[in-house]
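Novice: Predicted model and sequence follow; I will ask about them next.
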Amino acid sequence: MIGPARTLGPGSTPSTREALAALAPWWRVHERYRRRLLLGVVLMAMTALSALGLLAVSGWFITASALTGAALAAGAVAVLDVYTPGSAIRLFAVSRTVSRYLERLYNHDTILRLLASLRGSAFASLVSMDPARLAARRSSDWLNRLTADIDTLDALYLRLAAPPVMALLLIVALLGITLVWLPGATPWLALLLLTGWAWLTLGQARWGLVASRRRVTTLEALRSSLMEALRGHAELEAYAALGHVREQLEAVEARLLADQWRLAVISAVGNALAVLVIGLAWLLLLAMGMLALRDGQLSGPMLVMLPLAAMALGEGLAGLPTAFSQAGATLGAAERLNDIEHAAGVVHGDARLSAGPISVSLEQVSYRYPGALFEAFSNVSLTVEAGAQVAICGASGAGKSTLAALLTGQTSLASRGLQSRCNEQQGGGTEEQGGRVLLNGREVHHYAPLAIAEGVGCLTQQVDLFDASLADNLRLGAADADDAALWRVLAAVDLADWVASLPQGLATRVGEGGRQVSGGQARRISLARLALTNPGLVLLDEPFSGLDATTAQRVAQGLADWLAGRTVIYLLHEHDLAAPRPGTEAVTRVCWLDR
């Protein structure tokens, strides 16, 4: 899992230690692909070294051929082996092409695998997040974390890790060649190249850090504001507020363009410095090579070979300025993704729930959502014996959904310190959270998430169906359920005849969000999916809403055998034991939640 990390404002400059701490969790994900990443660097280095070899040998061969030809024209005796350098040139040309192709193919395949793992890690944290925190941001914000921010992290390897390592290997190779043929120039060349490498990486990253982090944040704000304006266009036009919204969007866009301009200038300066470093290395080798040639320490072909080899540095240095000028965007993405895990805040143990009906106990439970003006409920105490069927009633906002979230472990009182900090940040009221929520005498957060998922079944007011077949949607409850089990639960919720009448039967697609079925049918499909599971505690939030009295009665009778022997809690707006609503006749006790 990804550890929490302190998030800095987009306009602040983090220290090196803070930046490394923010990136550390994502490096640990990279470690799963260590061998593939190292092989990718090797392929990149092979491409760069082949380019260096190609330029060096070509320079030597062309110059040697010219000098040999001039000597022969002057009547001198000269011999030149054209086969060895010619073969070397072909070797380096072919190896450069092949290694470049393999590097692009292999590294992009690795990055796609890596992004899948990164997205899986972020999604796992997101789905375990407290519903209050999940609702505190727009869905588009969370989607941006899973798409844009994750995609930004591909730069961590492709642009920020592998290229500088490859550039260093290229520098070392050039220094090795220089040490053999022109040792006097090696210290000066090393000083120039290593200083240039340090600036083009760390210097550019530091210079563009604030602007690149702020640009990504501003772009996200612009995207969200624009989507809000488009959704509310009719209302904004009706209240003559479009002009004000347009001014706000233009102000955000102006900030974005300012940062983009600044980053463009920083990248341009970095590119100019990269060209300058390569040019100075070329001049240094040329000048010192001419002195060595004058003293008879270097031949003419070698004099041309060394400066041309220096030109191959562009293979390693040219891409560094732009990549590292945008390093702040990668850092910002890592920080925002760290916030997902940090905000999850739900602490779980590893205890297991025993088979059979589950007892429920609430002891002086109070809960306030982050930023809320009022508590969801206060000082609630309740005991439900194992195997009982009770109704917990209350008006909208009385806390029924919050109670379900506490019993299913989605919201935990164990994270109230974290909730309190969120209250302070969002300007909410005083934290009033406490008490204990127990299942079978043990607090909910002591149980493993899988144990709660298996032991507590819940039908919420919002029914989630996916754009897949009826069978696929039902098998979310039990992946190994056969068709006979599916027909059995469909019969229990009075849908078997309807499904049988469909041309494709169980293979019928329900559409995105269940758009192809009615609200009552969607609710019964969700009930059928729940009936495929074997929980000891069942929470039913208005299970028969949207159903007529006759259908509700048939569904209740169909589920009666499945509910028998389990603890069942109905979450209802109201219930009268003397005159129960259709489908709730099995309720033997009513508890009220009041403000």
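Specialist: Alright, I've got the coordinates.

Novice: alpha carbons only for contacts and neighbour counts from here, please
Specialist: Will do.

Novice: Wait, residue 529 touches residue 475, no?
Specialist: Yes - between residue 529 and residue 475 there is a contact under C-alpha atoms under 8 Å: 7.0 Å.

Novice: For residue 495, give me its contacts.
Specialist: The neighbours of residue 495, taking C-alpha atoms under 8 Å, 6 or more residues apart in numbering as the test, are 521, 524.

Novice: And the pLDDT for it?
Specialist: On pLDDT, residue 495 comes in at 91.

Novice: Ramachandran angles for it?
Specialist: Per-residue torsions, residue 495: phi -120, psi 0 (degrees, to the nearest 10).

Novice: quick one: residue 397 from residue 377, how far?
Specialist: As judged by C-alpha to C-alpha, to the nearest Å, residue 397 and residue 377 stand 9 Å apart.

Novice: my bad, residue 544
Specialist: Distance of residue 544 to residue 377, given as C-alpha to C-alpha: 25 Å.

Novice: again with residue 549
Specialist: On the measure of C-alpha to C-alpha, residue 549 and residue 377 end up 31 Å apart.

Novice: Looking at those two now, which is surrounded by more residues?
Specialist: residue 377 (21 against 14; other C-alpha atoms under 10 Å).

Novice: surely the more buried one meets residue 368?
Specialist: Yes - here residue 377 reaches residue 368: they are 7.3 Å apart, a contact under C-alpha under 8 Å.

Novice: So what touches stretch 145-156?
Specialist: Identification of contacts with stretch 145-156 by C-alpha under 8 Å, 6+ apart yields 111, 115, 118-119, 122-123, 323, 329-330, 333-334, 336-337.

Novice: In those, which residue is surrounded by the most others?
Specialist: When neighbours are counted by other C-alpha under 10 Å, residue 337 leads the contacts of stretch 145-156 with 30 neighbours.

Novice: Tell me how many other residues crowd residue 184.
Specialist: 15.

Novice: How about the contacts made by residue 358?
Specialist: 385, 386, 387, 439, 440, 536, 537, 566, 567 are the contacts of residue 358 under C-alpha under 8 Å, 6+ apart.

Novice: and if we set it to 10 Å?
Specialist: Residues counted as contacts of residue 358 (C-alpha atoms under 10 Å, 6 or more residues apart in numbering) are 384-388, 438-441, 455-456, 535-538, 565-568.

Novice: again with residue 114
Specialist: Applying C-alpha under 10 Å, 6+ apart, we find residue 114 in contact with 29, 30, 31, 32, 33, 37, 108, 120, 150, 153, 154, 157.

Novice: Would you agree the second one falls within a strand?
Specialist: No - according to DSSP: H, G, I helix; E, B strand; the rest coil, residue 30 belongs to no strand; its state is helix.

Novice: Just the element for residue 298, please.
Specialist: Residue 298 is part of no helix or strand when elements are defined by DSSP states H and E.

Novice: neighbours around the closest residue to it other than its chain neighbours, how many?
Specialist: Once flanking residues are discounted, residue 298 sits nearest to residue 292: 5.4 Å by C-alpha to C-alpha, 6 or more residues apart in numbering. Look at residue 292: counted by other C-alpha under 10 Å, it has 18 neighbours.

Novice: Show me which helix runs longest in the chain.
Specialist: Using DSSP state H, we find that the single longest helix of the chain is helix 242-294.

Novice: Can you tell me which helices and strands that helix packs against?
Specialist: Identification of packing neighbours for helix 242-294 by 3 or more C-alpha pairs under 10 Å, 6 or more residues apart in numbering; DSSP states H and E yields helix 162-181, helix 186-198, helix 204-231, helix 233-238, helix 300-311, helix 314-317, helix 320-325.

Novice: which strands and helices sit next to the second one?
Specialist: Spelled out, it's helix 186-198. Partner elements for helix 186-198 (3+ C-alpha pairs under 10 Å, 6+ apart): helix 162-181, helix 242-294, helix 314-317.

Novice: can you do 7 Å?
Specialist: The helices and strands touching helix 186-198, judged by 3 or more C-alpha pairs under 7 Å, 6 or more residues apart in numbering; DSSP states H and E, are helix 162-181, helix 242-294.

Novice: Show me what counts as buried in that helix.
Specialist: For helix 186-198, burial by neighbour count (16 or more other C-alpha atoms under 10 Å) applies to 186, 189, 190, 192, 193, 196, 197.

Novice: Let me have these in CSV, extended by distance to residue 52.
Specialist: Listed next are these as CSV, based on distance: C-alpha to C-alpha, whole Å:
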residue, distance to residue 52
186, 17
189, 16
190, 17
192, 18
193, 15
196, 18
197, 17
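
Novice: Of those, just say which sits nearest to residue 280.
Specialist: The closest of those to residue 280 turns out to be residue 192 (C-alpha to C-alpha; 8.1 Å).

Novice: how close does the closest one get to residue 325?
Specialist: In this structure, residue 192 and residue 325 are 21 Å apart, going by C-alpha to C-alpha.

Novice: Repeat that for residue 550.
Specialist: Distance of residue 550 to residue 325, computed by C-alpha to C-alpha: 67 Å.

Novice: Neighbour count for those two, which is higher?
Specialist: residue 325 (29 against 10).

Novice: now residue 480, what's its secondary structure?
Specialist: Three-state assignment for residue 480 (three-state DSSP): coil.

Novice: between the buried residues of helix 186-198, which is closest to residue 296?
Specialist: Nearest to residue 296, judged by C-alpha to C-alpha, of these is residue 186 at 18.3 Å.

Novice: Report the contact partners of the closest one.
Specialist: With contact taken as C-alpha atoms under 7 Å, 6 or more residues apart in numbering, residue 186 is in contact with 175, 178, 179.

Novice: got a winner among these for most neighbours?
Specialist: Taking other C-alpha under 10 Å as the neighbour criterion, residue 178 ranks highest of the contacts of residue 186 with 22 neighbours.

Novice: Look up how far residue 149 lies from that one.
Specialist: Counting by C-alpha to C-alpha, the gap from residue 178 to residue 149 is 43 Å.

Novice: for residue 244, same thing?
Specialist: Applying C-alpha to C-alpha to residue 244 and residue 149 gives a distance of 30 Å.
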